[in-house]
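Engineer: Provided below are the primary sequence and the corresponding predicted coordinates.
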Amino acid sequence: MSQNISSDYIKELRLRTGAGMLDCKKALQISEQDIDAAVQYLRKKGLASAEKKSSRIATEGVVDSYIHAGSRIGVLVELNCETDFVARQKEFQQLARHISMQIAACQSVQYISLDDVPENIILNEKAIEASKDDLADKPSSIKDKIIAGRIEKRLKEITLMNQAFIKDPNICIQELIKQHIALLGENIKIRRFTRFILGEGLDKKEYNFKNEIESIIS
């Protein structure tokens, strides 16, 4: 337990788990500097503490914006924490930026979590899956299992918290949030977001330039 622990190992473990420096050092000592084993140890401890914090009220935070290159996609997101002190921390503001970029990159995302998906959307998805031709001859028990699996997959596609983090596909957005709860010591919530796509919802008139020129000449 008195072994010297590499500062690079501690830094990597903090980035991967969001745990405190002393906890990371202890985890590396226990795991004999095995990073993966240390991650597992800290998930049982550090992320469990994040779960407890997740029920606390978060009314401070930031509204972050992201405009993608070319200015054709823009995102506004409200990220909440418990205090203005944490809202001003670099790590919290960087998290808001990462989430904004995630929303811009994942255009199928419509809701924050599974709890936010309206019941009528779920029922509609079930009706669509149930009517597909490849299930017509399946026994009811098998058909129900296939539909349930497809619905689960579909709902994950449209919810932000279930998306793989674009900067580290080994974790999802929900895990990223938990890491920052453990790191900053406060509850963190994505409250709402809006995505703007240039021209979305407009009827775009298509021009036939050849016919237009001929019409002008005649």
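Structural biologist: Arrived safely, thanks for sending. Residues are numbered from 1 along each chain as shown.
Engineer: closest to the centroid, which residue in the chain?
Structural biologist: Nearest to the geometric centre of the chain sits residue 173, at 3.1 Å (CA atoms, centre = their mean).
Engineer: is that one in contact with residue 156, as I believe?
Structural biologist: No - the criterion here is CB atoms under 8 Å, and residue 173 misses it with residue 156 at 11.1 Å. All C-beta atoms are positioned from the backbone trio N, CA, C, and that covers glycine.
Engineer: between the two, which contacts overlap?
Structural biologist: Applying CB atoms under 8 Å, 6 or more residues apart in numbering, one finds that residue 173 and residue 156 are jointly contacted by residue 162.
Engineer: just the strands from the protein, written as ranges.
Structural biologist: Taking DSSP state E as the criterion, the chain contains strands spanning 60-67, 73-81, 164-165, 168-172, 189-197.
Engineer: TSV for these, including mean pLDDT?
Structural biologist: Formatted as TSV, the strands of the chain follow (pLDDT from 0 to 100):
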stretch	mean pLDDT
strand 60-67	95
strand 73-81	96
strand 164-165	94
strand 168-172	92
strand 189-197	95
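Engineer: so of these, which one's packed in deepest?
Structural biologist: strand 73-81 (a mean of 20; mean count of other CB atoms under 10 Å).
Engineer: other SSEs contacting that strand?
Structural biologist: Contacts defined by 3 or more CB pairs under 8 Å, 6 or more residues apart in numbering; DSSP states H and E place strand 73-81 against strand 60-67, helix 90-105, strand 189-197.
Engineer: mind putting the ones you listed into a markdown table with distance to residue 84?
Structural biologist: Shown next, in a markdown table, are the helices and strands packed on strand 73-81 (distance: least, CB to CB, whole Å):
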| stretch | distance to residue 84 |
| --- | --- |
| strand 60-67 | 5 |
| helix 90-105 | 11 |
| strand 189-197 | 15 |
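Engineer: residue 26: which of those is closest?
Structural biologist: Across the helices and strands packed on strand 73-81, residue 26 has its closest neighbour in helix 90-105 (21.6 Å, CB to CB).
Engineer: give me the contact list for the closest one.
Structural biologist: Identification of contacts with helix 90-105 by CB under 8 Å, 6+ apart yields 61-62, 64-66, 68, 73-77, 79, 81, 86-87, 109, 160, 163, 165-167, 173, 176-177, 180, 183-184, 188, 190, 193, 195.
Engineer: now it: how far from the chain's centre is it?
Structural biologist: How far helix 90-105 lies from its chain's middle: 10 Å, per CA atoms, centre = their mean, to the nearest Å.
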